[in-house]
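Chemist: Sequence first, then the predicted structure:
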Amino acid sequence: MIITRSPLRITLGGGGTDLPSYYRQHGGFLIAAAIDKYVYVTVMRPFVEGIFLKYSKLEHVQAVDDVQHPIIREAIRMLGFRTPQLEITALADIPAGTGLGSSGSFSTALLKALYAHRRRLLHPDELAQLACDIEISRLAEPVGKQDQYIAAYGGVTCFTFHPDETVDARPLALSMDALFNLEDNLLLFFTGFSRSAGSILEDQKVRTEHDDRDMLRNLHYVKELGVRSLRALEEGDTPLFGELMHEHWEHKKRRSEGMTNPQIDEWYELGRANGAIGGKLVGAGGGGFLLFYSEDHRRLRAAMSRAGLEELRFRFDFEGTKVLFG
């Protein structure tokens, strides 16, 4: 039996510039952090032929083409199993559709497990490339590359997405004080809204490909905010990073309809009125988790608790996708 895990993530700046519709023309840049909430995948060989799958559904089929889960189907095809005899189980700390990149985490955990089953090692860059190939090229999902890359690498990492499809990754040069301040002062609260990011990302994709002036101006500005966030963090100015988060959210809201709603706006303003310097919805928007930067934790937590929002406490993950057993 092989057991793997892959971290979920939060985006700290530049999100949205990792979509092919943007970086293939203009290049993309963002900062992301892996957190200690995970997707787990187990792979084993059962005693009888067939493909047994256990995730939010149960499947038992004889042929790869009959697998309903698209990522699992493409991953098995990618490895070219001649006589599929597999049992795959997936579990996660957080439900899908909450903006923490669970699809990319699942893809990387699954591929890591299947390749380990075949006794093949994967470098994080190769793992991320394979996961992107499945989601973006084979399944034509309107998603970016950050989820697969931050899940594979882990840490607090900045990524540059080049038009030729290459990706540069490097860890942020943070002092220990800046790292601890950042980790301590970022707080996540679940809005209770789960959503599919597909419609928001599809809108961004189509408008970017048609050179929509407002969309491109917005993404150019968000990319520049990502660079300014990197500078603030590496200089140890985490309060300035919090202010940039607020600026980022104000621009992100204008990018697409459905990015936010009156209830989320009310909670965001409540957070700002109770000690949060800045914040934003994590992921494509529309629901999921509100991320705040605050140095007044007790006041913010009390306000969010009174509003009925549950906090998800986390620390950063510095290991990325890994084999736990096997």
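Modeler: Structure's in. What do you need?
Chemist: As a check, name the ranges of all helices in the stretch 151-300 of the chain.
Modeler: 176-185, 198-209, 213-234, 238-252, 262-272, 297-306 (DSSP state H, counting those that start in this stretch).
Chemist: Select, out of those, the one closest to residue 70.
Modeler: Shortest separation from residue 70 across the helices of the stretch 151-300 of the chain is recorded for helix 198-209, at 12.6 Å, computed as Cβ to Cβ. Placement of C-beta: from N, CA and C, glycine included.
Chemist: and the angle from the closest one to helix 213-234?
Modeler: Compare the direction of helix 198-209 with that of helix 213-234 by axes from the mean of the first three to the mean of the last three Cα atoms, to 10 degrees and you get 110 degrees.
Chemist: May I have the residues that are in contact with residue 280?
Modeler: Shown in contact with residue 280 (Cβ atoms under 8 Å, 6 or more residues apart in numbering): 245, 246, 248, 249, 252, 290, 291.
Chemist: Ok, residue 288 next?
Modeler: Under the criterion of Cβ under 8 Å, 6+ apart, the contact partners of residue 288 comprise 97, 98, 99, 100, 190, 191, 193, 194, 195, 281, 282.
Chemist: Count the residues that sit near the fourth one.
Modeler: Pointing back at residue 100 there. Here the number of neighbours of residue 100 (other Cβ atoms under 10 Å) works out to 30.
Chemist: where does it land in three-state SS?
Modeler: When the structure is split into helix, strand and coil by DSSP: H, G, I helix; E, B strand; the rest coil, residue 100 lands in coil.
Chemist: now it: how far from residue 9?
Modeler: Look at residue 100 and residue 9: by Cβ to Cβ, to the nearest Å, they are 6 Å apart.
Chemist: just the helices in the stretch 1-150 of the chain please.
Modeler: Secondary structure of the stretch 1-150 of the chain (DSSP H, counting those that start in this stretch): helices at 20-26, 70-79, 102-117, 124-132, 146-153.
Chemist: got JSON lines for the helices of the stretch 151-300 of the chain, with distance to residue 118, mean pLDDT and mean neighbour count too?
Modeler: Supplementary listing: the helices of the stretch 151-300 of the chain in JSON lines, determined by distance: least, Cβ to Cβ, whole Å; pLDDT from 0 to 100; neighbours: other Cβ atoms under 10 Å:
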{"stretch": "helix 176-185", "distance to residue 118": "36", "mean pLDDT": "96", "mean neighbour count": "16"}
{"stretch": "helix 198-209", "distance to residue 118": "31", "mean pLDDT": "79", "mean neighbour count": "18"}
{"stretch": "helix 213-234", "distance to residue 118": "37", "mean pLDDT": "95", "mean neighbour count": "18"}
{"stretch": "helix 238-252", "distance to residue 118": "41", "mean pLDDT": "94", "mean neighbour count": "19"}
{"stretch": "helix 262-272", "distance to residue 118": "44", "mean pLDDT": "95", "mean neighbour count": "16"}
{"stretch": "helix 297-306", "distance to residue 118": "46", "mean pLDDT": "97", "mean neighbour count": "16"}
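Chemist: Which among those helices is found nearest to residue 115?
Modeler: When the helices of the stretch 151-300 of the chain are compared by Cβ to Cβ, helix 198-209 sits nearest residue 115, at 27.7 Å.
Chemist: what's the closest one packed up against?
Modeler: In terms of contact count using 3 or more Cβ pairs under 8 Å, 6 or more residues apart in numbering; DSSP states H and E, helix 198-209 is assigned the packing partners helix 20-26, helix 213-234.
Chemist: pLDDT on the shortest one, on average?
Modeler: To tie it back to what came earlier, the one meant is helix 20-26. Per-residue confidence for helix 20-26 averages out to 95 on the pLDDT scale.
Chemist: So which residue is smack in the middle of this structure?
Modeler: Centroid-nearest residue in the chain: residue 101, 2.8 Å away (criterion: Cα atoms, centre = their mean).
Chemist: any idea how far the nearest residue to that residue once chain neighbours are set aside is from residue 1?
Modeler: Distances taken as Cβ to Cβ, 6 or more residues apart in numbering put residue 147 closest to residue 101, at 3.6 Å, once the chain neighbours are dropped. For residue 147, the distance to residue 1 (Cβ to Cβ) stands at 26 Å.
Chemist: Name the residue in those two with the higher neighbour count.
Modeler: Just comparing residue 147 and residue 1: by other Cβ under 10 Å the higher neighbour count belongs to residue 147, 29 against 12.
Chemist: That one reaches residue 9, doesn't it?
Modeler: Yes: shown here, residue 147 and residue 9 form a contact pair, counting by Cβ atoms under 8 Å, at 6.4 Å.
Chemist: picking that back up, quick one: which of the contacts of residue 288 is most hemmed in?
Modeler: residue 100 (30 neighbours).
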